[in-house]
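> Need coordinates for the below:
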Amino acid sequence: MNILIANDDGVFAPGIQALAQALKPLGRVVIVAPESERSGFSSALTLDRPLRPIKIAEDVWAVNGTPADCVYLSMNGMFDFEFDLVVSGINSGANLGDDVLYSGTVGAAFEGRLMKQPAIAVSLAGANVRAYDKAEDYAQAAQWVHDFIAKGLPELPPRHIFNINIPDVDTIQGAQITYQGRRIQSKPITTQVDPRGRQVFWIGLAGEAVTDPAKNALNIQSDFFAVANGYVSITPIQMDATNYAVLDDLQQFLHSN
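This is a model prediction of the structure:
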């Protein structure tokens, strides 16, 4: 099996290195990742300048572009073989609820799914993971991903991916299939004046998670709930954001005016 690994934290991030090491028993592992951090780039592609992949080690490439660029190049002629699986991560920090709209980790996985390959986005959720000093947590998360893939991935419809969030805890309680939660409105922006007297702005922090009830008779909880209680959250998400439930009502409204 040929496995492509990308991320949005950069080619030298501890999460991607731990993931590559853990997945090597499953087949050939190729890292193609941004040369530096590209968090928050979602599915953006670079169209205004050339991209230059640089080989920095055997099966390890750095790209001067976005996470989605890395996957796009890898699956459209950069290599003379095809990939069987795309894994994006392990991201330093959670990608829960509304985060998936902005996440470069999720964007890279979606780019893989657009190429009709199974794709997974993996994040390590916890307040301290960005300190980059908890190698054992990345190793534990990477081993969980290895075991999940080794069992055989569940089938998903076309243009879907698994968004997986692994809690930053000593003992993982298990895994839960979850739905995508939501946050309240983001915190206000912060404004300052720089040393040259110009006004600058910082985008506010993400809002808190909304406490939603379990969905349907199977008592499926949100991704926030699972991670907060020590469980790995496995959420199937899709490219098609159409709200089919309101199409008929909108059609009738359109023709009634």
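> Now for Ile161: which residues touch it?
106, 109-110, 112-113, 119-121, 236-238 (Cβ atoms under 8 Å, 6 or more residues apart in numbering). Bear in mind the C-beta positions are built from the backbone N, C-alpha and C, glycine included.
> How about it: which residues does it bridge to?
Note on Ile161: beta-bridge partners Ile237, judged by DSSP bridges.
> So, low pLDDT: which residues of the stretch 151-257 of the chain?
By pLDDT under 70, the low-scoring segments of the stretch 151-257 of the chain are 185-186, 204-207, 211, 217, 257.
> And the helices in it, which stretches?
For the stretch 151-257 of the chain, the helices defined by DSSP state H, counting those that start in this stretch cover 223-228, 247-255.
> of the contacts of Ile161, buried ones?
106, 109-110, 112-113, 119-121, 237 (16 or more other Cβ atoms under 10 Å).
> Spatially nearest residue to Gln21, not counting backbone neighbours?
In space, Gln21 comes closest to Ala142 once its chain neighbours are excluded; the distance is 6.8 Å by Cβ to Cβ, 6 or more residues apart in numbering.
> rewinding a little: in strands, which of the contacts of Ile161 fall?
In strands, judged by DSSP state E, the following of the contacts of Ile161 are found: 119-121, 236-238.
> Quick check: the farthest pair among those residues?
Ile120 and Gln238 (14.1 Å; Cβ to Cβ).
> And the buried ones among the contacts of Ile161, which is the shakiest by pLDDT?
Within the set of these, pLDDT is lowest for Arg113 (84).
> tally of neighbours for Ala68?
Other residues lying near Ala68 total 28 when counted by other Cβ atoms under 10 Å.
> Can you pull out the low-pLDDT segments for the stretch 1-150 of the chain?
Where the stretch 1-150 of the chain drops to pLDDT under 70, the residues are 127-133.
> Now do the strands in it.
Here the stretch 1-150 of the chain has its strands, by DSSP state E, counting those that start in this stretch, at 2-6, 28-34, 54-57, 60-63, 85-92, 119-125.
> Please state the offset of the longest one from the chain centre?
In terms of Cα atoms, centre = their mean, to the nearest Å, the centre of strand 85-92 is found 6 Å from the chain centre.
> cool, stretch 216-224 as well?
For stretch 216-224, the distance to the chain centre is 21 Å (Cα atoms, centre = their mean).
> Check stretch 177-188 too.
On the basis of Cα atoms, centre = their mean, stretch 177-188 sits 15 Å off its chain's mean C-alpha point.
> got a list of contacts for it?
Against stretch 177-188 from outside (Cβ under 8 Å, 6+ apart): 96-100, 163, 203-210, 212, 215, 220-226, 233-237.
> could you flag which of those are buried?
By 16+ other Cβ under 10 Å, the contacts of stretch 177-188 give 96-100, 163, 206, 209, 221-226, 233-235, 237 as buried.
> first to last residue in stretch 82-98, what's the distance?
End-to-end distance for stretch 82-98, by Cα to Cα, to the nearest Å: 32 Å.
> what comes up buried for that stretch?
Within stretch 82-98, the residues that qualify as buried are 83, 85-98, counting by 16+ other Cβ under 10 Å.
> Asn2: which of these is nearest?
Proximity of the buried residues of stretch 82-98 to Asn2 (Cβ to Cβ) peaks at Phe83, which lies at 4.7 Å.
> which non-adjacent residue is nearest that closest one?
Leu4 (4.3 Å).
> residues near that neighbour, how many?
Leu4 has 26 neighbouring residues, counting by other Cβ under 10 Å.
> give the contact list for it.
The contact partners of Leu4, by Cβ under 8 Å, 6+ apart, come to 30, 32, 71, 74-75, 83, 85-87, 112.
> which of those lies closest to Ala57?
Looking across those and measuring by Cβ to Cβ, the closest to Ala57 is Val30, at 10.8 Å.
> and the closest residue to the closest one other than its chain neighbours, how far is that from Tyr231?
Spatial nearest neighbour of Val30, excluding adjacent residues (Cβ to Cβ, 6+ apart): Asp59 at 4.6 Å. For Asp59, the distance to Tyr231 (Cβ to Cβ, to the nearest Å) stands at 33 Å.
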